[in-house]
Structure formats: structure tokens, C-alpha cells
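> quick check, what structure comes out for this input:
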Amino acid sequence: MEDKNLICKDCGKEFVFTEGEQAFYKEKGFENEPQRCVDCRRARKQQNNNSSFGR
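Sure thing, here's the model as predicted:
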């Protein structure tokens, strides 16, 4: 495996999906590559956490 350059589906920036991240995904059984960069994943998670308080 080698590092892969991917494009974030939210912001359109290129980000690196490292060898270590790929190994982690494989170990966890994830079949799809990440769709979002780290910043957008963090922002989306924060947004989801904030919206769940109202339930």
C-alpha cells in the first residue's frame, strides 16, 4: 500500500489517505475510502453532536 490523494466531497480540497489510515480501515473492515478530509469530518461530527442534544 502507498499513500493516496483523495478529494473531499464537501470542500473539494485534496487530502492524503495515508498507508496507516488505510491499514486501520482494512483492520476495522471498512470497505470504502473516506469521502471527507479531516477538517470536514471533524466539522460534520461536531454538527451531528450539536443537533442530537435537542432530542
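
> what's the longest helix in this structure?
Counting residues, the longest helix in the chain under DSSP state H turns out to be helix 38-51.

> mean confidence for that helix?
Confidence for helix 38-51, expressed as mean pLDDT, is 93.

> quick one: contacts of it?
Taking contacts as C-beta atoms under 8 Å, 6 or more residues apart in numbering, the residues outside helix 38-51 that touch it are 8, 10-11, 15, 34, 36. From N, CA and C alone the C-beta is placed, and that goes for glycine too.

> 6 Å - rerun?
Contact with helix 38-51 is made by 8, 10-11, as judged by C-beta atoms under 6 Å, 6 or more residues apart in numbering.

> please apply the same query to stretch 21-29.
Under the criterion C-beta under 6 Å, 6+ apart, residues residue 1 lie in contact with stretch 21-29.

> starting at the chain centroid, how far to it?
Using C-alpha atoms, centre = their mean, to the nearest Å, the mean C-alpha position of stretch 21-29 is found 12 Å from that of the whole chain.

> now do stretch 32-42
Centroid separation for stretch 32-42 versus its chain: 2 Å, with C-alpha atoms, centre = their mean.

> what about the helices in this structure?
Along the chain, counting by DSSP H, helices occupy 19-28, 38-51.

> how far does the longest one sit from its chain's centre?
By that I understand helix 38-51. Relative to its parent chain, helix 38-51 has a centroid offset of 11 Å by C-alpha atoms, centre = their mean.
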